[in-house]
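1. Coordinates only, no sequence provided:
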């Protein structure tokens, strides 16, 4: 086969410079469909660079029927040919094939991604192949675009990326639902005299787990570099089989020295608007597909977030609105109780009809590190609530006063010996600082219009599922 430099299909369908029409080109990719008659075969080829396929036109007499037989849905091809203006509808250009090489065939009897539509539930069972579908090609390209946009946003604002540890001996959230990391023999672990496991003989010499957050380490970075962020995997061993929960997910956690709660809210709003705008400006082909196939209001909703200032109010004011709404709630509303998704979505979708930022949460339902307000009842927490998602960002001004933080740790029975290093930052040059966490998959749910969090991560980890 003649050596011609491969062109990504995106570059042929959406050229940025001089039109390649009339040139000899090479494309490589996977067959989505093949149709035709005894004279001509039309092959739809996709290489993942763009949601659209390029049409390959093959003269049956030239190639021979036997040579074209292995070209079935799922087969991988290399095609040399002339890029020409298309005679048919649905595409502007196509390739008149001169040479076709089959890299890998796909048996039509057993290849699971045939032309018919497949349910998202079925595609989760074949997550190793689902990136070849239009839906998951679009989701994965957008996932890349959003990851790039996150790094671009913080880099352009002078933030430094901190790599926080995956293995940790601390529970940042006080949640307790952590995955144990150990090299001890599961059947015969070393025991202390009282019968408990002797973790002193474990690899790290103490109990360790997979991290639930990079926040505490990000705080250490902020108290030296001023503005930092983490972007990495986090883990929760919660037995939550819902469309909103994963056992392994990615978090973006900026921490900023000298920011108060208002600065924190300003950054969160600007950050989210930048990401949504980036999706609209750079992912429109994929957004248009997802809008047409899954969520007819997706693009309109994204534009709405960019165009509207977020509503800001206190938790106490929100509780009053929810009580006065006379709605029948699955989870009753009262001051001091945590807001559920139904409450958050009511505030965003029905009452204010715009994104909402809530502040001033009761101290009893928030983490130990949040700065306490003078009323002794609330903390300077802030949650950003989005349509269809509910909470998409959670953050706070952090407690920088050593005595107050130390008392809170004691009140919650958090082992002081595990937090000595964190307390040290309040003993040596403490400073006001704030931060927040954005769940990457929650963001992906919003920008793609998908409804199940398992469909916005390549290989979901959920209870009873660690396949692939």
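-> It's in. In this text the structure is predicted, and so the values were computed from the model without any measurement.
2. what about the helices in the chain?
-> With DSSP state H applied, the chain shows helices at 9-13, 60-63, 65-68, 120-125, 134-156, 215-225, 261-282, 284-293, 298-307, 315-324, 341-345, 402-411, 420-427, 440-448, listed in chain order.
3. buried sites along the fourth one?
-> Within helix 120-125, the residues scored as buried using 16 or more other Cβ atoms under 10 Å are 120, 123-124. (Each C-beta comes from the backbone N, C-alpha and C, glycine too.)
4. Likewise for the fifth one?
-> Taking 16+ other Cβ under 10 Å as the neighbour-count basis, helix 134-156 is seen to contain the buried residues 134-143, 145-146, 149-150, 153-154.
5. Run through the stretch 151-300 of the chain and note the low-pLDDT ranges.
-> Along the stretch 151-300 of the chain, segments meeting pLDDT under 70 span 171-176.
6. Tell me who's in contact with residue 86.
-> When contacts are counted by Cβ atoms under 8 Å, 6 or more residues apart in numbering, residue 86 touches 55, 92-94.
7. and if you look at residue 240?
-> Neighbouring residues of residue 240 by Cβ under 8 Å, 6+ apart: residue 463.
8. Apart from its neighbours in sequence, what residue is nearest the residue lying farthest from the centre of the chain?
-> Distance from the centre of the chain peaks at residue 61, with 48.6 Å (Cα atoms, centre = their mean). The shortest distance from residue 61 to any non-neighbouring residue, by Cβ to Cβ, 6 or more residues apart in numbering, is to residue 39 (7.1 Å).
9. Now do residue 239: how many residues are near it, please.
-> Number of residues near residue 239 (other Cβ atoms under 10 Å) recorded here: 10.
10. so how far is residue 436 from the residue lying closest to it once chain neighbours are set aside?
-> Spatial nearest neighbour of residue 239, excluding adjacent residues (Cβ to Cβ, 6+ apart): residue 463 at 5.2 Å. Per Cβ to Cβ, to the nearest Å, residue 463 is found 27 Å from residue 436.
11. swap in residue 278?
-> Distance, residue 278 to residue 436, using Cβ to Cβ: 19 Å.
12. same question, residue 303
-> Taken as Cβ to Cβ, the span from residue 303 to residue 436 is 24 Å.
13. Of those two, give the one with the bigger neighbour count.
-> Between residue 303 and residue 436, counted using other Cβ under 10 Å, residue 436 has the larger neighbour count: 23 against 13.
14. Could you tell me which residues make contact with that one?
-> 253-254, 264, 267-268, 382, 384, 393-396.
15. Same question for residue 136.
-> Counting by Cβ under 8 Å, 6+ apart, residue 136 makes contact with 123, 130, 455.
16. if we go to 6 Å?
-> For residue 136, the contacting residues are residue 130, by Cβ atoms under 6 Å, 6 or more residues apart in numbering.
17. What is the neighbour count of the nearest residue to residue 223 once chain neighbours are set aside?
-> Among residues not flanking residue 223 along the chain, residue 425 sits closest, at 5.2 Å (Cβ to Cβ, 6+ apart). Residue 425 sits with 21 neighbouring residues when counted by other Cβ under 10 Å.
18. and residue 383, what is it in contact with?
-> Neighbours of residue 383 in contact, by Cβ under 6 Å, 6+ apart: 358, 391, 394.
19. From residue 133, how far out is the second one?
-> Taken as Cβ to Cβ, the spacing of residue 391 relative to residue 133 amounts to 30 Å.
20. again, but for residue 20
-> Distance check for residue 20 against residue 133: by Cβ to Cβ, it reads 27 Å.
21. more crowded one of those two?
-> Counted by other Cβ under 10 Å, residue 20 and residue 133 do not tie: residue 133 has more neighbours, with 18 against 14.
22. before we move on, the earlier item: whichever of the contacts of residue 383 end up buried, select them in PyMOL.
-> Here is the PyMOL command that selects only those of the contacts of residue 383 that count as buried (16+ other Cβ under 10 Å):
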select buried, resi 358+391+394
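23. Nearest to residue 205, out of the contacts of residue 383: which one, please.
-> residue 394 (32.9 Å; Cβ to Cβ).
24. who's the nearest residue in space to that closest one that is not next to it in sequence bridged to?
-> Nearest residue to residue 394 in three dimensions, chain neighbours excluded: residue 383, at 5.1 Å (Cβ to Cβ, 6+ apart). Beta-bridge pairing for residue 383 (DSSP bridges): residue 358, residue 394.
25. cool, and residue 55?
-> Going by DSSP bridges, residue 55 forms beta bridges with residue 44, residue 94.
26. Repeat that for residue 232.
-> Note on residue 232: beta-bridge partners by DSSP bridges are residue 251.
27. What separation do you get for it and residue 162?
-> From residue 232 across to residue 162, the span is 9 Å (Cβ to Cβ).
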